[in-house]
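>>> would you be able to build a 3D model of this:
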Amino acid sequence: MTERIMGAGRITFAAFAVPNYRRYMSGQAISMIGTWMQMTAMSWLVLTLTHSATTLGIIVALQTFPVLVLGPYGGVIADRVDKLRLMIVLQVAMGVQALVLGVLTVTGLVEVWQIGILAALLGLNNAFENPARQSFMLEMVGSDNLRNAVSLNSVFVNAARSVGPAVGGLLIATVGTGVCFLFNAASFVAVVSSLLRLDRSALRPSPPAPRARGQLREGLRYVARTPELGIPLLMMALAGMLAYEFQVSLPVMAKEALESGSAGFGFMTASMGIGAVVGGLLVAARGHTGLRPMTLAAGGLGVTMLFAAMAPTLVIELIALALVGGTSIAFMSTGNATLQLGADPSMRGRVMALWFVAFQGSTPIGAPIVGWAMASLGARAGLGIGAFTCIFVTLLGFLALRRIMRARAGVADNLVVLHKRVA
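Got it, this is the predicted structure:
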């Protein structure tokens, strides 16, 4: 029995056998907690200052609009340059942004327009940092450990989601939102230090793409002619636009539908994180890549979000959100690993940039829509819209699978006919 448990542990945490991955995650774990604290505090601060779900949606849109516009070009840059150096510079810039926001809030000088500008600057940073970080994962752990590394990274993100929002909610209720921003600023010291300590000789960098005209269009054409990449990106774009708007939907749900305050909002987000940790570990140990498992995960996400939208009490909502966390991480990590493993190495940065655009760059469109829907139809409408979007995405995935299988069957039949003619 002991040997079985140890064997299961080695499979589940296989990526930690890579020393660089251990160093990388040691810094990321601290920074992720700070990031979730800042996200919780910023949403609550905007809602407190304006009492408007629509304004909150606009602020979230400002943070993600640069990703929509510049994210694909961020992938081009990631394919051209040293990804590690780029990540270090941009992580430092993110720390400065959090520090400025924290100082403004603690001193009582913060205004909504300042939050909007700083959110847009953070989005500009993310447009270039995320494609580099996503595509750097393969260089750090190799193809054999990629799916496991992506899943474990998602586990850490959501473990931080369990801790960060809960602590953030308590800090907001006791000492104010500014402390959350300052903690996040300090957390970037850990992540930058971990990046500087990586063993460069053990990395497997992809050959940098030479600077040339039309590289962005080349990446778009590559995805368009490859259904195994294009369909998952389309599915993520739809879900990212209307389902993954938790930064907008959850605080309004906590305040208006469940009347649970900032502490309730923190525990709701933490509950999602706990569910995502469990779901991420299951995916890390037994998960698969490809369009079919991604489609099944989308269906699970739709059903659990519908449950969360209808939950009558905070306790039931916490249970529902734990299930949402598990299914959401299965959908994201499966899609992420499917794209990284399916993309040509010279295109990986551009493909992962499009993934980030699909996931977060679609938010400028979806966040105001979800905010307006909740203002017009009630706080539960945000999660409800996300649920029906995921159900639609599931149907889209099954239709695409059916078409791909028919196309493969047609190719096989043609090969049989050709073989008979030759014989």
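>>> quick one, what contacts the closest residue to Leu182 other than its chain neighbours?
With Cβ to Cβ, 6 or more residues apart in numbering as the criterion, Leu182 has its nearest non-adjacent residue at 3.8 Å, and that residue is Gly102. Every residue, glycine included, has its C-beta placed from N, CA and C. With contact taken as Cβ atoms under 8 Å, 6 or more residues apart in numbering, Gly102 is in contact with Gly178, Val179, Cys180, Phe181, Leu182, Asn184, Ala185.
>>> so Met253, which state does it fall into?
Of the three states, Met253 takes helix according to DSSP: H, G, I helix; E, B strand; the rest coil.
>>> surely Met305 and Ile391 touch.
No. Using Cβ atoms under 8 Å, Met305 is not in contact with Ile391; the gap is 9.1 Å.
>>> more neighbours: the two, which one.
Higher neighbour count among Met305 and Ile391: Met305, with 29 against 18, using other Cβ atoms under 10 Å.
>>> check which helix or strand that one maps to.
helix 291-310 (DSSP states H and E).
>>> list the buried residues of whichever helix or strand comes after that helix.
Later in the chain than helix 291-310, the nearest helix or strand by DSSP H and E is helix 314-342. Residues of helix 314-342 classed as buried: 314, 317-342 (neighbour count, 16 or more other Cβ atoms under 10 Å).
>>> so what does helix 314-342 touch, helix or strand wise?
Counting by 3 or more Cβ pairs under 8 Å, 6 or more residues apart in numbering; DSSP states H and E, the packing neighbours recorded for helix 314-342 are helix 112-141, helix 146-174, helix 227-242, helix 261-286, helix 291-310, helix 348-356.
>>> give me the mean pLDDT for it.
Helix 314-342 shows a mean pLDDT of 87.
>>> can you check stretch 170-190 too?
The predicted model assigns stretch 170-190 a mean pLDDT of 88.
>>> starting at the chain centroid, how far to that stretch?
Between the centre of stretch 170-190 and the centre of its chain there are 22 Å (Cα atoms, centre = their mean, to the nearest Å).
>>> for Val18, give me phi and psi.
Backbone dihedrals for Val18, given as degrees, to the nearest 10, come out at phi -90, psi 110.
>>> which non-adjacent residue is nearest it?
Nearest to Val18 is Val141, by Cβ to Cβ, 6+ apart, at 5.0 Å.
>>> which residues touch Ile391?
Ile391 touches Gly299, Gly302, Val303, counting by Cβ under 8 Å, 6+ apart.
>>> that one: which element?
Judged by DSSP H and E, Ile391 forms part of helix 381-422.
>>> quick one: mean pLDDT over that helix.
Mean predicted confidence for helix 381-422 is 78.
>>> wait, isn't Ala381 in contact with Trp372?
No. Counting by Cβ under 8 Å, Trp372 is not a contact partner of Ala381; they are 9.4 Å apart.
>>> hang on, the earlier thing: contact partners of the helix holding Met305?
Residues contacting helix 291-310 (Cβ under 8 Å, 6+ apart): 228, 231-232, 235, 239, 243, 287, 317, 320-321, 323-324, 326-328, 330-331, 334-335, 338, 380-384, 386-391, 393-394, 397-398, 400-401, 404.
>>> list the buried residues in it.
Buried residues in helix 291-310 (16+ other Cβ under 10 Å): 291, 293-302, 304-309.
>>> what's the angle from it to helix 261-286?
160 degrees (axes from the mean of the first three to the mean of the last three Cα atoms, to 10 degrees).
>>> now find how far off-centre helix 291-310 is within its chain.
16 Å.
>>> got it, and stretch 333-341?
On Cα atoms, centre = their mean, the centre of stretch 333-341 falls 12 Å from the chain's centre.
>>> need the CA coordinates for it. PDB is fine.
Output in PDB follows, covering the C-alpha atoms of stretch 333-341 (Å, rounded to 0.1, in the frame of the first residue of the first chain):
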ATOM      1  CA  SER A 333      -5.300  23.100 -17.900                       C
ATOM      2  CA  THR A 334      -6.400  20.500 -20.500                       C
ATOM      3  CA  GLY A 335      -6.700  23.200 -23.200                       C
ATOM      4  CA  ASN A 336      -3.400  24.800 -22.200                       C
ATOM      5  CA  ALA A 337      -1.500  21.500 -22.400                       C
ATOM      6  CA  THR A 338      -3.200  20.500 -25.700                       C
ATOM      7  CA  LEU A 339      -2.100  23.700 -27.400                       C
ATOM      8  CA  GLN A 340       1.500  23.600 -26.100                       C
ATOM      9  CA  LEU A 341       2.000  20.000 -27.100                       C
END
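>>> show residues contacting it.
So stretch 333-341 is contacted by 134-135, 137-138, 143, 146-147, 150-151, 154, 228-229, 232-233, 235-236, 280, 283, 287-291, 293-294, 297, 348, 351-352, 355 (Cβ under 8 Å, 6+ apart).
>>> report the buried members of those.
With neighbours counted using 16+ other Cβ under 10 Å, the contacts of stretch 333-341 contain these buried positions: 134-135, 137-138, 146-147, 150-151, 154, 228-229, 232-233, 235-236, 280, 283, 287, 289-291, 293-294, 297, 348, 351-352, 355.
>>> just the pLDDT for the residue nearest to Leu182.
On the pLDDT scale, Gly102 gets 94.
>>> buried set for the host helix or strand of it?
Taking DSSP H and E as the criterion, the element that holds Gly102 is helix 83-106. Buried residues in helix 83-106, counted by 16+ other Cβ under 10 Å: 83-84, 86-88, 90-91, 94-95, 97-102, 104-106.
>>> ok, now which ones touch the spatially closest residue to Leu318 that is not a sequence neighbour?
Leaving aside its sequence neighbours, Leu318 sits nearest to Ser271 (Cβ to Cβ, 6+ apart; 4.2 Å). By Cβ under 8 Å, 6+ apart, Ser271 lies in contact with Ser162, Glu317, Leu318, Ile319, Leu321, Ala322, Gly325.
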